[in-house]
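Trainee: I would like to see how this sequence folds:
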Amino acid sequence: MSFGGSQPPYQNPVIPFSGPIYGGLQDGHEVIVNGLVLQTGGTRFSVNFQRGFDGNNIAFHFNPRFENGGYVVCNTKQNGSWGQEERKKEVPFQRGAPFEIRFQVQYTDFKVMVNGSYFIQYQHRLPLHQVDTISIEGIVQVSYINFQTQMVLPGLHSVPQMPSAPVFPNPVLTNMLYPVPYSTPIFGGFYPSRNIIVSGIILTTADKFTINLRCGSDIAFHLNPRFKENAVVRNTQINYSWGPEERGLPRSMPFARGQSFSVQIICEIHCLKVSVNGLHQFDYQHRIKNLGSINQLEVLGDIQLTQVQVF
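Mentor: This is a model prediction of the structure:
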């Protein structure tokens, strides 16, 4: 499939925004838009999947409107002319509140998930392969737009094959809000090339939240954004004793109250590489060398948890 991990995310795009979808859309693709609905400036916003940048051919126009009680319009524009509207008299968004929209591309339609819950399906009216551009406009601030491929088997994904490494099923947790604190096993342990992605929405009143990679009672990697301290603390706990903290960052605090986030942790031979919203933040040298003993992922704190992947 065209994405294959090669389509970079769009970070903090200026709205109105238009950007290419490299290779076009295909069955099995998923486009994730994380952002915040503004309090003022209008009454609606839209996400468009279209051909080119002129806006004359829009395969899917997703248009929430905060007027007349609130509703969402879906439509298609072909050769400059709009088709028949499909309306749903419900708006799963709130002014001033963060959101996550997942556009899941299927052979016959788009399936739309909002904040982890199914919202609507929209049948294709234009050939899917013609869609090569995404555009967003209206009363939103967008944190990032991510592109990925849906898993073939719902709820299960195989660990990548490594020489002499066993292959175990591991859950892929998507399309719903998960209770926090949350914990899931890392089947087969951690080793170079394995990835973890944790996505969510930070509460507007957040003090801190934590992502832990545990090995039994020890914590191999403790990631702890603290908003009162404006810091991202990293550490390891062995035999219930914490080691020296690491706090340095290459740029400003990558997390913000009321904003969505996506943390990616990539295991390499000597360290973990950690990115936030698609931007690399730091490396963390392994302090527990037996990576295979890392067998549990734990998430807790002041967030809504929308996605966890271990692969």
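Trainee: Return the distance of the closest residue to Tyr240 other than its chain neighbours relative to Ile238.
Mentor: Sequence neighbours aside, Ser217 is the residue nearest to Tyr240 in space, at 7.2 Å (criterion: C-beta to C-beta, 6 or more residues apart in numbering). To be clear about C-beta, it is placed using only N, CA and C from the backbone, and glycine gets the same treatment. To Ile238, Ser217 is 9 Å away according to C-beta to C-beta, to the nearest Å.
Trainee: And those two? Which one has more around it.
Mentor: For the pair Ser217 and Ile238, the greater number of neighbours falls to Ile238 (14 against 9), based on other C-beta atoms under 10 Å.
Trainee: quick one: contacts for the residue of the chain most remote from its centre?
Mentor: Relative to the mean C-alpha coordinate of the chain, counting by C-alpha atoms, centre = their mean, the farthest residue is Asn239 (33.8 Å). Contact analysis of Asn239 by C-beta atoms under 8 Å, 6 or more residues apart in numbering lists Asp218.
Trainee: Can you give me the distance of it to Ile211?
Mentor: With distances taken as C-beta to C-beta, Asn239 is found 21 Å from Ile211.
Trainee: what's the answer for Phe227, then?
Mentor: 15 Å.
Trainee: Show me which positions of stretch 238-256 end up buried.
Mentor: 246, 254-256 (16 or more other C-beta atoms under 10 Å).
Trainee: and which of those is nearest Ser199?
Mentor: Taking C-beta to C-beta as the measure, Ser199 sits nearest to Phe255 out of the buried residues of stretch 238-256, at 12.1 Å.
Trainee: Which pLDDT value goes with the closest one?
Mentor: Turning to Phe255, the model gives it a pLDDT of 96.
Trainee: Quick one: neighbours of Pro185, just the number.
Mentor: Should you count by other C-beta under 10 Å, Pro185 turns out to have 14 residues around it.
Trainee: Strands of the stretch 1-150 of the chain, residue ranges please.
Mentor: Along the stretch 1-150 of the chain, the segments classed as strands by DSSP state E, counting those that start in this stretch run 10-11, 17-20, 29-37, 45-50, 58-65, 71-78, 81-82, 86-88, 98-105, 109-114, 117-123, 133-138, 140-149.
Trainee: Could you dump the ones you listed into a markdown table with mean pLDDT and distance to Ser260 added?
Mentor: Formatted as a markdown table, these follow (pLDDT from 0 to 100; distance: least, C-beta to C-beta, whole Å):
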| stretch | mean pLDDT | distance to Ser260 |
| --- | --- | --- |
| strand 10-11 | 84 | 12 |
| strand 17-20 | 94 | 16 |
| strand 29-37 | 91 | 4 |
| strand 45-50 | 98 | 15 |
| strand 58-65 | 98 | 17 |
| strand 71-78 | 98 | 20 |
| strand 81-82 | 97 | 31 |
| strand 86-88 | 96 | 23 |
| strand 98-105 | 91 | 5 |
| strand 109-114 | 94 | 12 |
| strand 117-123 | 94 | 15 |
| strand 133-138 | 97 | 14 |
| strand 140-149 | 87 | 5 |
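Trainee: can I get these in a markdown table with mean neighbour count and distance to Gly301?
Mentor: Compiled in a markdown table, the strands of the stretch 1-150 of the chain are given as follows (neighbours: other C-beta atoms under 10 Å; distance: least, C-beta to C-beta, whole Å):
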| stretch | mean neighbour count | distance to Gly301 |
| --- | --- | --- |
| strand 10-11 | 16 | 23 |
| strand 17-20 | 15 | 31 |
| strand 29-37 | 22 | 18 |
| strand 45-50 | 22 | 29 |
| strand 58-65 | 22 | 29 |
| strand 71-78 | 18 | 32 |
| strand 81-82 | 10 | 45 |
| strand 86-88 | 14 | 34 |
| strand 98-105 | 22 | 16 |
| strand 109-114 | 20 | 23 |
| strand 117-123 | 15 | 22 |
| strand 133-138 | 20 | 29 |
| strand 140-149 | 21 | 19 |
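Trainee: Can you redo those as CSV, where the extra columns are distance to Ile202?
Mentor: Rendered in CSV, the data for the strands of the stretch 1-150 of the chain read as follows (distance: least, C-beta to C-beta, whole Å):
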stretch, distance to Ile202
strand 10-11, 17
strand 17-20, 22
strand 29-37, 11
strand 45-50, 21
strand 58-65, 22
strand 71-78, 25
strand 81-82, 37
strand 86-88, 28
strand 98-105, 8
strand 109-114, 18
strand 117-123, 19
strand 133-138, 21
strand 140-149, 11
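Trainee: Thanks a lot, catch you later.
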